[in-house]
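> predicted structure and sequence below. I'll ask about it afterward.
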Number of protein chains: 4
Amino acid sequence: MRTDYTPSDPDYAKRVRASFDAQPMMTTLGVNITGLGPGWIDLEFDHNDDFTQQDGFKHAGAIATALDSACGYAAFSLMPKDAAVLTVEYKINLLRPAKAERYRASATVLKPGRTLTVCSGTATPADSEETIAVMTATLMTLVDVGIQH
Amino acid sequence: MRTDYTPSDPDYAKRVRASFDAQPMMTTLGVNITGLGPGWIDLEFDHNDDFTQQDGFKHAGAIATALDSACGYAAFSLMPKDAAVLTVEYKINLLRPAKAERYRASATVLKPGRTLTVCSGTATPADSEETIAVMTATLMTLVDVGIQH
Amino acid sequence: MRTDYTPSDPDYAKRVRASFDAQPMMTTLGVNITGLGPGWIDLEFDHNDDFTQQDGFKHAGAIATALDSACGYAAFSLMPKDAAVLTVEYKINLLRPAKAERYRASATVLKPGRTLTVCSGTATPADSEETIAVMTATLMTLVDVGIQH
Amino acid sequence: MRTDYTPSDPDYAKRVRASFDAQPMMTTLGVNITGLGPGWIDLEFDHNDDFTQQDGFKHAGAIATALDSACGYAAFSLMPKDAAVLTVEYKINLLRPAKAERYRASATVLKPGRTLTVCSGTATPADSEETIAVMTATLMTLVDVGIQH
């Protein structure tokens, strides 16, 4: 167990997986859920030459996209069952070049809130603890509304 | 003319375009250069269902990836001809949902430096000034070295 | 006129000034309002040796504090008259050392919202346009509640 | 022991304390070093009405200033003995209102580097683990130069 948050929706895992599976971006990038609990999630994805920079390393944008999704779903896991989640902002620091065969993007809720949730995310090679990137993200809970800020 | 910076490399435009064309990630996302000068760049890309969220809107990660590249190439345009550019960190605020048919990601150098360059980026629909996202990014100039931090 | 926002509270200027005057931190740092409109504000403050770093330059924290307040009050100017404003997060890039006799911290609303407002801030010497620091801040509108997140 | 970094300067602690003591801003805010090791530092400071907001809570700027210094000195502890440290940028998320009698600002190096060091900082009440704010900061090592970017 990574956190001791109690989810308001006991079926949070089913809800997170259904939303994740409905994201074409995750399918396109080949990202999968490999671990999930209340307030945390682990995603993994293989290296793919389609998402590289001019030097053959993974584009920071692909790492950031996976971390953004990880932060969003970590937050979403603690939201009420009828809520939608929206990324308000995030900040990423790229600590090392991304040159692994497979990556892990993990996120944890730092502070859940009725309106705003703050998450911390970390990207590493899937087989190492060597940090490639760290993210802090602010997510918003949307209830009974269309997607809007 | 967007900025009045004088590029140290008079062939900066050719250098920027060559590096951009060598990025599979930009090809995959369908991003093209539509404007370029010393210290600034405009990129554009069409909506593509492969890069959407669960609600059919553009995934923030695709917007962020284009903005990150825009900031990187705005900085790169002012770097010496033998330099490589590295994203140190960026922060993005998502101001409105991304639901256009075509997008523009523009970036401008706020402060060039020998080691670090700071850029500001803005994403809008291609046919509107309504801001979807703003980014501030820190880029590093690498000379005579492999890619490292 | 810096922005064309229409304030929901016609007495916004009085409300902003009253809140600003009630902030001991602004008095302590010697910060004053030198310009104010709907969605923007200019603050100025003199150099003071009490708020310097080990090298005699202004501490980034003093610059950041003034910019944070500028962003907060730019947002507050567009909020309903019974609202309180809360800083959710901010990011600052320090572009040049702060070694002026007097500073200006200016902020503008990039996107007002019912719940969240995003502002952009810039610090310069009071007599120059040379940017010392840039900030992006997210502010929250609190209505009919105590101060909470 | 908080980290297992080996400082390049065995006298790092003396060097950190000397630089810290030479910062008028730290004296003004009443901030003291309460713990120090290679790559980490703990600072503490009492509540002081001079640094409050309009509601009597600690101004975010005071919390941010202490966290910024903590990140700077955590990085500085691993730098060569003739180096100076410069804050490139930081991002802070404010998670809970600051209404304690005494605060702790702790920072740890996430990734040391020859040119850039990335640190993570956390502010809590001195007698609690309840997080008030989190910071990610990028610091630059300056060697054999005046203070510049």
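Looks like it arrived, so ask away. Residues are numbered from 1 along each chain as shown, chains lettered A, B, ... in the order given.
> helices and strands of chain A: which one has the lowest mean pLDDT?
Sorting the helices and strands of chain A by mean pLDDT, DSSP states H and E puts helix A:24-29 at the bottom, at a mean of 90.
> around chain C, pick out the residues from chain A.
Within chain A, the residues that sit near chain C (Cβ under 8 Å from any Cβ of the partner chain) are A:88-89, A:91, A:111, A:113, A:115-116, A:118, A:136, A:138, A:140, A:149. Every residue, glycine included, has its C-beta placed from N, CA and C.
> and the residue most central in space within chain A, how far is that from A:Thr28?
Geometric centre of chain A, nearest residue: A:Ala70, 0.8 Å, by Cα atoms, centre = their mean. A:Ala70 sits at a distance of 16 Å from A:Thr28 (criterion: Cβ to Cβ, to the nearest Å).
> just A:Arg114 next, same as before
Distance, A:Arg114 to A:Thr28, using Cβ to Cβ: 33 Å.
> out of the two, which sits in the busier spot?
Between A:Arg114 and A:Thr28, counting by other Cβ atoms under 10 Å in any protein chain shown, A:Thr28 is the more crowded of the two (21 against 11).
> for the more buried one, which non-adjacent residue is spatially closest?
B:Asp50 (4.5 Å; Cβ to Cβ, 6 or more residues apart in numbering or on different chains).
> for the one you found, what are phi and psi?
phi -70, psi -20 (degrees, to the nearest 10).
> looking at chain A, which helix is longest?
Assignment by DSSP state H gives helix A:60-76 as the longest helix of chain A.
> that one to helix B:60-76, inter-axis angle?
140 degrees (axes from the mean of the first three to the mean of the last three Cα atoms, to 10 degrees).
> helices or strands up against helix A:60-76?
In terms of contacts (3 or more Cβ pairs under 8 Å, 6 or more residues apart in numbering or on different chains; DSSP states H and E), helix A:60-76 is packed against helix A:12-21, helix A:24-29, strand A:40-46, strand A:83-94, strand A:102-111, strand A:116-125, strand A:133-143, helix B:60-76.
> what about the closest residue to A:Ala126 other than its chain neighbours, distance to chain D?
Residue nearest to A:Ala126 in three dimensions, not counting chain neighbours: A:Arg102, with 3.9 Å by Cβ to Cβ, 6+ apart. Distance, A:Arg102 to chain D, by Cβ to the nearest Cβ, to the nearest Å: 21 Å.
> check contacts around A:Arg102.
Neighbour list for A:Arg102: A:44-47, A:125-127 [criterion: Cβ atoms under 8 Å, 6 or more residues apart in numbering or on different chains].
> for the nearest residue in space to A:Arg114 that is not next to it in sequence, list each beta-bridge partner.
Nearest non-adjacent residue to A:Arg114, counting by Cβ to Cβ, 6+ apart: A:Thr141, 6.8 Å away. When bridges are called by DSSP bridges, A:Thr141 pairs up with A:Val85.
> my guess is A:Thr141 contacts A:Val109. True?
No. A:Thr141 is beyond contact range of A:Val109, at 12.0 Å (criterion: Cβ atoms under 8 Å).
> quick check: neighbours shared by those two?
A:75, A:117.
> of the two, which one has the most company?
Ranked by neighbour count (other Cβ under 10 Å), A:Thr141 and A:Val109 place A:Val109 first, with 24 against 19.
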